[in-house]
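Peer 1: Pasting the sequence and the predicted model now:
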There are 2 protein chains.
Amino acid sequence: MKKKFSLSGMPDFHSLEMKRREYVLSVIKKHFDLYSFFPISTSLIEKRDNLFGSYGHDGDQLIFQILRSGDYLGKVGSDAINMNSNELSQIISDKALRYDLTVPFARYLAENRSLINLPFRRYEVGPVFRADRPQKGRLRQFTQCDADIIGSRSLWSEIELIHLIDTILNELQLEDIIVKISNRKILEGIFQSFSSDFTFSKFCIIIDKLDKIGLDRVGELLLDSGFSTDGVSFIKDLFTLDKSFVQIKKYIFSKIKPNDNLNIGFQELEFILDNLISKELSIELQIDFSLARGIDYYTGTILEAISISSNIGSLLGGGRYDQLTEKFNVKDISGVGISFGLDRLCLALNDAILFPSNLDEGIEYLFLNFGPVEARLALSYILKMRQLNISCELYPDEVKINKQMNYADKRGAKFVIMIGEKEIKQNKITVKNMINGDQKVLSFNELIESL
Amino acid sequence: MKKKFSLSGMPDFHSLEMKRREYVLSVIKKHFDLYSFFPISTSLIEKRDNLFGSYGHDGDQLIFQILRSGDYLGKVGSDAINMNSNELSQIISDKALRYDLTVPFARYLAENRSLINLPFRRYEVGPVFRADRPQKGRLRQFTQCDADIIGSRSLWSEIELIHLIDTILNELQLEDIIVKISNRKILEGIFQSFSSDFTFSKFCIIIDKLDKIGLDRVGELLLDSGFSTDGVSFIKDLFTLDKSFVQIKKYIFSKIKPNDNLNIGFQELEFILDNLISKELSIELQIDFSLARGIDYYTGTILEAISISSNIGSLLGGGRYDQLTEKFNVKDISGVGISFGLDRLCLALNDAILFPSNLDEGIEYLFLNFGPVEARLALSYILKMRQLNISCELYPDEVKINKQMNYADKRGAKFVIMIGEKEIKQNKITVKNMINGDQKVLSFNELIESL
């Protein structure tokens, strides 16, 4: 059996995949720029304590921890023998791989608070890591593309971000997309209306599983966790209603007593819906109270985009967070952001055959190698052509012409240039068009002038 | 005292730094493309065993190891109590962060051997990690930009790579650069001419320290390690000779008996020097037999670029490797590559004030926020302007105009647009030029036409 040297869920990208990723990134970055987000980049490794506790219990389990360097056992006392893995990790590991770009951004903001002019619009593109079980659309290393506006509670930020999502998905020509929107305060208002003996955070984690495990199982989990039977039947009714936003709102307020979370949540959601420039929107925006997002730090608006036809999970997530910088000793800074999953966007574009067809083009000119004298002349021409922005390559080895032509074919070369003994005598080059087979003998200067 | 939440040597990059890095990367990638290297990307995490043993003993110590997920102590037997950190790591860690891009490339090539047409020219840009002591020019996370030609022993590859280095440094306008070249076979030929009781790999590691610790200390280390006194005095003489290449070659062959390594090393080096198109070269190429490169896998040509005026270590390293894919069960594939250090290149450009001055430009248009009705109209204009590729931003909060203008200033906005009650009535907008203070009232269509 062939030994596998790569890790599952840790992807390599071939040349065509890279060009496709760069195409998608160029669209995303173009609009991040036009929306006047500024690029930053945070380190891939964070202090362990920066990350743990930010993503809820389930999230913490997925953080990759890095061993201390050197003799880390010197730090472990004699009580280590009674420790479990979790306890020992806190001693022998002090660093971890980032799990998302949002917590590192909060850390960055807190550390650079005096240099940053709020409100601050930043974007960041880069890999994040989760020790998850790999499957289609779920990698252990994947690339997020985040845009956040921090330092303002204004809901115009949410509105700008929804237009940004729309613009990007539109330019990528992704059509079967639903962007779901909700507000965690509404969910929290519902949660606190019923008796329970568990936390809102755990409630969200259960609700978030709805797509995967179905409504009945969600109901069971809620009951098992100590949510009231009234609450469970309300949730089940709410999530099966096929009604308009106004009707659902009426239903909620007919069944449960208004509270601050419910009132403010609805106010926020309605301000956003009312102020979107709807004639400029082409995405389908769907209000979905079952949207919970598993991540702990969201406190207001939550967003998610899914592809209807591809079964690859969400293409985008996002939301508002009010307390994220508090962990880093900076209070009262609210932010809202979105995060595109580059790998899933590429899967969706591939499934829908939406990548531009010119991305898999080969090289322009391959110069064959007929020996040291000929190769040296070829190289001097090659350097000149590259100065004119034409990509060229010298075949490195003086091997049979068949082998070199075979390479040119596989490499997708558009032209092959031959400079042999005869050409050197005549001060000419032979240019073969690999698409139609035409062959011309001309001087190098004539070739340059024809370009 | 302010608590520090970031890790030393793990850099964040602000917006201007990002734009500078992107400028340097755009130059590098442009020429990688023109030299017809194809982009690939390998995972940031490798199996632990892929990395250990590839970089020599000193290198292995600098590899960041990742803890197994879940209950890793379950895998540890009762003999763990007698283990040292190194032994325990092999059980509780199975993954590690990549140390360079070359070993992952060899792994990639071996795993995709059947899909890849040799010779294969690839480039890769991305972060690598070393658990080193941070200082200026030495980070624990830094970005390498690699171009390699693999699957050919032809020295034309070295020649192409030297021209590539020249082209890139030239376009970046870096002038005080020396590119050093040597051949490990020459060093190995010298090494084997003298008695010693240590390995050639260790010999290289000591020689590699020359710049840092000086010739006397290198001599002491060689003696201490068991290199013959004759050998040490030969090395000391060789490295202090201020002579031409031809004279140094003569000196070497006058002092020690020719062997295969010496002969082939000189043949290779001379072929490269003879066939460079020197009239196209603007870098200073310096033959330096003291160049060793600390990395274990080099077997032929070695290259290094340093900046004369900046004390930031090498800007580029590279060389030929003959056995790198053998670790991954693929034999007889020789390759040669170069690796630019992006972070150090940026330091050198910064020190020499070579970054283009337009990289720190602010945003184009900031729309002030006078309230919900006005903001909604502003947003509809903003969306139209972005469709015309003009970057705009809506100030999110309805706060005092002074505060908003102050933000516009700090943000470097070129124009501020005001749409208040008066403007709405007149169906006009007020545009303030932030550079000269001019203020104009015009219709939105007039603004668009003027752009």
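Peer 2: Great, that's in hand. Bear in mind that the values here come from a model prediction, so they are computed numbers and not experimental data. Numbers count the residues shown, from 1 in each chain, chains lettered A, B, ... in the order given.

Peer 1: Next up, the contacts around the closest residue in space to residue A:389 that isn't next to it in sequence.
Peer 2: Spatial nearest neighbour of residue A:389, excluding adjacent residues (CB to CB, 6 or more residues apart in numbering or on different chains): residue B:34 at 6.6 Å. Using the backbone N, CA and C atoms, a C-beta is placed for each residue, glycine as well. If you count contacts by CB atoms under 8 Å, 6 or more residues apart in numbering or on different chains, residue B:34 has them with A:386, A:389-392.

Peer 1: Point out where chain A drops to low pLDDT.
Peer 2: A:1-3 (pLDDT under 70).

Peer 1: Would you mind naming what in the stretch 351-451 of chain A lies close to chain B?
Peer 2: Counting by CB under 8 Å from any CB of the partner chain, the residues of the stretch 351-451 of chain A lying close to chain B are A:363-364, A:369, A:372, A:375-376, A:379-380, A:383, A:386, A:389-398, A:407, A:410-411.

Peer 1: filter those residues to the buried ones?
Peer 2: A:363-364, A:369, A:375-376, A:379, A:383, A:386, A:390-397, A:407, A:411 (16 or more other CB atoms under 10 Å in any protein chain shown).

Peer 1: Ignoring the adjacent residues along the chain, who's closest to residue A:136?
Peer 2: Nearest non-adjacent residue to residue A:136 (CB to CB, 6+ apart): residue A:312, at 6.3 Å.

Peer 1: just to confirm, which helix or strand has that neighbour in it?
Peer 2: Using DSSP states H and E, residue A:312 falls within no helix or strand.

Peer 1: now the strands: where do they sit in the stretch 101-250 of chain A?
Peer 2: Ranges of strands in the stretch 101-250 of chain A, per DSSP state E, counting those that start in this stretch, are A:120-129, A:141-150, A:177-183.

Peer 1: partners of the first one in the sheet?
Peer 2: In the sheet containing strand A:120-129, the strands it pairs with under DSSP bridges are strand A:38-39 (parallel), strand A:141-150 (antiparallel).

Peer 1: And the first one, how far out from the chain middle?
Peer 2: By that I understand strand A:38-39. Chain-centre distance of strand A:38-39: 16 Å, with CA atoms, centre = their mean, to the nearest Å.

Peer 1: Quick one: name whatever helix or strand follows it.
Peer 2: Following strand A:38-39 in sequence, per DSSP H and E, is strand A:45-47.

Peer 1: Does anything pack onto that next one? Which helices or strands?
Peer 2: strand A:93-97, helix A:102-111 (3 or more CB pairs under 8 Å, 6 or more residues apart in numbering or on different chains; DSSP states H and E).

Peer 1: next one: that strand to chain centre, how far?
Peer 2: With CA atoms, centre = their mean, you get 19 Å for strand A:45-47.

Peer 1: From residue A:322, how far out is the residue nearest to residue A:389?
Peer 2: The gap separating residue B:34 from residue A:322 is 49 Å, by CB to CB, to the nearest Å.

Peer 1: the helices in the stretch 151-300 of chain A, which residues?
Peer 2: Per DSSP state H, counting those that start in this stretch, the stretch 151-300 of chain A carries helices over the ranges A:156-171, A:184-193, A:200-208, A:210-213, A:215-225, A:229-240, A:245-255, A:260-275.

Peer 1: any chance of the strands paired with strand A:120-129 in a markdown table, plus mean neighbour count?
Peer 2: Shown next, in a markdown table, are the strands paired with strand A:120-129 (neighbours: other CB atoms under 10 Å in any protein chain shown):
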| stretch | mean neighbour count |
| --- | --- |
| strand A:38-39 | 20 |
| strand A:141-150 | 23 |
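
Peer 1: quick one, which of these is nearest to residue A:127?
Peer 2: Taking CB to CB, strand A:141-150 is the member of those nearest to residue A:127, at 5.3 Å.

Peer 1: Dump the closest one to CSV, restricted to CA.
Peer 2: Provided in CSV are the C-alpha atoms of strand A:141-150 (Å, rounded to 0.1, in the frame of the first residue of the first chain):
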residue,chain,number,x,y,z
GLN,A,141,-7.2,24.1,7.5
PHE,A,142,-9.4,26.5,5.6
THR,A,143,-9.3,30.1,4.4
GLN,A,144,-11.6,32.8,5.7
CYS,A,145,-12.1,36.3,4.2
ASP,A,146,-13.4,38.6,6.8
ALA,A,147,-14.7,42.2,6.7
ASP,A,148,-15.6,43.9,10.0
ILE,A,149,-16.7,47.3,11.2
ILE,A,150,-15.8,47.9,14.8
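
Peer 1: now that strand against strand A:93-97, angle please.
Peer 2: Interaxial angle, strand A:141-150 versus strand A:93-97 (axes from the mean of the first three to the mean of the last three CA atoms, to 10 degrees): 90 degrees.

Peer 1: still on that earlier bit, mind picking the two most distant members of the contacts of residue B:34?
Peer 2: Farthest-apart pair in the contacts of residue B:34 is A:389 and A:392; separation 10.5 Å (CB to CB).

Peer 1: Based on its surroundings, how many neighbours for the spatially closest residue to residue A:361 that is not a sequence neighbour?
Peer 2: In space, and not counting its chain neighbours, residue A:361 is closest to residue A:412: 6.6 Å by CB to CB, 6+ apart. By other CB atoms under 10 Å in any protein chain shown, the residues close to residue A:412 number 14.

Peer 1: Against which helices or strands is the helix or strand harbouring residue A:408 packed?
Peer 2: Residue A:408 belongs to helix A:401-410 when assigned by DSSP H and E. Packing contacts for helix A:401-410, counted by 3+ CB pairs under 8 Å, 6+ apart, involve strand A:365-367.

Peer 1: picking that back up, after the helix holding residue A:408 comes which helix or strand?
Peer 2: Counting by DSSP H and E, the next helix or strand C-terminal to helix A:401-410 is strand A:415-418.

Peer 1: contact partners of the helix or strand following that next one?
Peer 2: Later in the chain than strand A:415-418, the nearest helix or strand by DSSP H and E is helix A:421-426. Helix A:421-426 is contacted by residues A:370, A:373-374, A:377, A:429-430, A:441 when judged by CB under 8 Å, 6+ apart.

Peer 1: Output helix A:421-426 as PDB, restricted to C-alpha atoms.
Peer 2: Output in PDB follows, covering the C-alpha atoms of helix A:421-426 (Å, rounded to 0.1, in the frame of the first residue of the first chain):
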ATOM      1  CA  GLU A 421      22.800  24.800 -35.500                       C
ATOM      2  CA  LYS A 422      21.000  25.800 -38.700                       C
ATOM      3  CA  GLU A 423      19.100  28.600 -37.200                       C
ATOM      4  CA  ILE A 424      22.300  30.000 -35.600                       C
ATOM      5  CA  LYS A 425      24.000  30.000 -39.000                       C
ATOM      6  CA  GLN A 426      21.100  31.900 -40.600                       C
END
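
Peer 1: contacting residues around residue A:158?
Peer 2: Neighbouring residues of residue A:158 by CB under 8 Å, 6+ apart: A:272, A:301, A:320, A:336.

Peer 1: Same question for residue A:205.
Peer 2: A:56-58, A:292, A:294 are the contacts of residue A:205 under CB under 8 Å, 6+ apart.

Peer 1: Same list (the contacts of residue A:158) but as TSV, adding distance to residue A:197, neighbour count and secondary structure.
Peer 2: Output for those, formatted as TSV (distance: CB to CB, whole Å; neighbours: other CB atoms under 10 Å in any protein chain shown; DSSP: H, G, I helix; E, B strand; the rest coil):
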residue	distance to residue A:197	neighbour count	secondary structure
A:272	34	21	helix
A:301	28	24	strand
A:320	28	27	strand
A:336	32	28	strand
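
Peer 1: Before I go, just wanted to say thanks for your time.
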